[in-house]
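Chemist: Sequence plus the predicted model coming up.
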There are 2 protein chains.
Amino acid sequence: MTDRNLDDPRITAIGLFAETYTGLAARLSEQLSAHGLSLIEFEVLLRLARSPGRQLRMTDLAAQTSLSTSGATRVVDRMVRDGLLCRQPCPADRRISYAMVTGAGRARLDQALPGHLDLIERWFTGQLTPAALEHLLDGLRTVRDAVHPCATAGSDGSAAVPEPS
Amino acid sequence: MTDRNLDDPRITAIGLFAETYTGLAARLSEQLSAHGLSLIEFEVLLRLARSPGRQLRMTDLAAQTSLSTSGATRVVDRMVRDGLLCRQPCPADRRISYAMVTGAGRARLDQALPGHLDLIERWFTGQLTPAALEHLLDGLRTVRDAVHPCATAGSDGSAAVPEPS
DNA sequence: GCTAGGTACTTGACACAGCAACTATACCTG
DNA sequence: CAGGTATAGTTGCTGTGTCAAGTACCTAGC
């Protein structure tokens, strides 16, 4: 019945996507763990380091990392415990707590980043000709823009994203 | 110091990749959960349904799904409990246990698959022109082949083997 | 100024996956 | 065929993430 669907090109395409991503993630994860960081911790460090004041509200951090807010709380908890981050209260709104990179956190990031960049180049960007890479990134951007609900997402289901016909 | 590295194009590229994948996965996951399946359970069902005899050794299943063998054991445990799979002993080698799709499992797959294909088309393949999609898939294949040591164990045979670069 | 309702974050209970240790079986070599 | 090694799979322990409920706080309307 649906037997032919099992090998539908769409399935093949999404499978290829998934395999590529998980394979890549595994490579990168391996290198990061040598620096005592998980992928998500690295991303947190990176996002915070790029933010003004090296800090971000918990909610914004969660939105940028595709973690739930409780997930963000727990990651930040661990990283505070390990000295990589600290929490800063917001004087204007006492509900708000900023996650902020410490010196140690920044040092850890600096230590891991060069090897990380090398690996990205070795397994991803460097695998393709500049033109092919541009094509790939163009495609990804298009899909990302379609699939990524607005900016900071609550999953309200009724996304105001233009749907393709 | 490494401040400029924080916005390195390689970081941007991998970030785009990750965002796209997680966004896509979230969409698909949502639809599957409406059919009582997680992404990984769907993948298990799909891989088994495509395999000869609708079954696969635990080890091969694990290899095809980027699960550890213990992870595979646990997923199959749950799916057996829910009636989607059953375990078949191998008469020739009593260490081996096959995971096999039941009628109910196949029915569940058939029920979820059309909507799944629609979503892939809507958010992924249909977002791009055929040429752009081909470029994207070519790039993914190249990266996947580099990054994925030994892909399909057991029987998959779906992916066309690209030019070995 | 007090209440109603929304927002920011944390916490408790739970689901899930990985590693390492373990059991059971197969194979190989003398 | 005995003994050693390799392979298949499961299980205990633990880390990590989510959902739902809870706490604290802010803001608007009367």
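Modeler: Perfect, I can see it now.

Chemist: Any regions of chain A where pLDDT drops low?
Modeler: A:1-2, A:149-165 (pLDDT under 70).

Chemist: for it, what spans make up the helices?
Modeler: Along chain A, counting by DSSP state H, helices occupy A:9-33, A:39-50, A:58-65, A:69-81, A:103-123, A:130-147.

Chemist: Let's have those in a markdown table, adding mean neighbour count.
Modeler: Where C-beta positions appear, they are placed from N, C-alpha and C, glycine not excepted. Below are the helices of chain A laid out as a markdown table (neighbours: other C-beta atoms under 10 Å in any protein chain shown):
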| stretch | mean neighbour count |
| --- | --- |
| helix A:9-33 | 19 |
| helix A:39-50 | 21 |
| helix A:58-65 | 20 |
| helix A:69-81 | 16 |
| helix A:103-123 | 17 |
| helix A:130-147 | 18 |
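
Chemist: can those go into TSV with extra columns for distance to B:Pro9?
Modeler: Formatted as TSV, those follow (distance: least, C-beta to C-beta, whole Å):
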stretch	distance to B:Pro9
helix A:9-33	16
helix A:39-50	14
helix A:58-65	19
helix A:69-81	26
helix A:103-123	10
helix A:130-147	9
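
Chemist: any chance of those helices in CSV, with distance to DNA strand D too?
Modeler: Output for those, formatted as CSV (distance: least, C-beta to the nearest atom of the strand, whole Å):
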stretch, distance to DNA strand D
helix A:9-33, 10
helix A:39-50, 4
helix A:58-65, 8
helix A:69-81, 2
helix A:103-123, 15
helix A:130-147, 17
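
Chemist: B:Ala99 is nearest to which of these?
Modeler: helix A:9-33 (18.6 Å; C-beta to C-beta).

Chemist: name the helices or strands packed onto that closest one?
Modeler: helix A:39-50, helix A:103-123, helix B:9-33, helix B:103-123, helix B:130-147 (3 or more C-beta pairs under 8 Å, 6 or more residues apart in numbering or on different chains; DSSP states H and E).

Chemist: who in chain A is up against DNA strand C?
Modeler: Taking C-beta under 7 Å from any atom of the strand as the criterion, chain A approaches DNA strand C at residues A:57-60, A:69-70, A:72-74, A:76-77, A:87, A:93, A:95-98.

Chemist: on that earlier part again, can you tell which of the helices of chain A is closest to B:Asp8?
Modeler: Minimum separation from B:Asp8 across the helices of chain A (C-beta to C-beta) falls at helix A:103-123, 5.8 Å.

Chemist: what does the closest one rub up against?
Modeler: A:24, A:27-28, A:31-32, A:34-37, A:42, A:45-46, A:48-49, A:54, A:79, A:83-85, A:101, B:1-2, B:5-6, B:8, B:10-11, B:13-14, B:143, B:146-147 (C-beta atoms under 8 Å, 6 or more residues apart in numbering or on different chains).

Chemist: hmm, 7 Å instead?
Modeler: With contact meaning C-beta atoms under 7 Å, 6 or more residues apart in numbering or on different chains, helix A:103-123 is reached by A:24, A:27-28, A:31-32, A:35, A:37, A:42, A:45-46, A:49, A:83-85, B:1-2, B:5, B:8, B:10, B:14, B:143, B:146-147.

Chemist: Stretch A:46-60 now?
Modeler: With C-beta under 7 Å, 6+ apart, stretch A:46-60 has contacts from A:61, A:64-65, A:69, A:72-73, A:76, A:88, A:96-101, A:106, A:109, A:152, B:6.

Chemist: ok so, going back, Serialize the helices and strands packed on helix A:9-33 to CSV and add fields for distance to A:His135.
Modeler: What follows is those, written out as CSV (distance: least, C-beta to C-beta, whole Å):
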stretch, distance to A:His135
helix A:39-50, 26
helix A:103-123, 18
helix B:9-33, 12
helix B:103-123, 19
helix B:130-147, 4
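
Chemist: Hmm, A:Ser66 is touching B:Leu24, no?
Modeler: No. A:Ser66 is beyond contact range of B:Leu24, at 11.6 Å (criterion: C-beta atoms under 7 Å).

Chemist: Identify the residues contacting the residue most central in space within chain A.
Modeler: In chain A, the residue lying closest to the centroid (C-alpha atoms, centre = their mean) is A:Thr65, at 4.9 Å. Contact analysis of A:Thr65 by C-beta under 7 Å, 6+ apart lists A:40, A:43-44, A:47, A:72.

Chemist: Apply 10 Å and report the result again.
Modeler: Residues near A:Thr65 by C-beta atoms under 10 Å, 6 or more residues apart in numbering or on different chains: A:40, A:43-44, A:46-47, A:56, A:71-72, A:75, B:18, B:22.

Chemist: can you check A:Phe42 too?
Modeler: A:Phe42 makes contacts with A:28-29, A:31-33, A:35, A:108-109, A:112-113, A:116, as judged by C-beta under 10 Å, 6+ apart.
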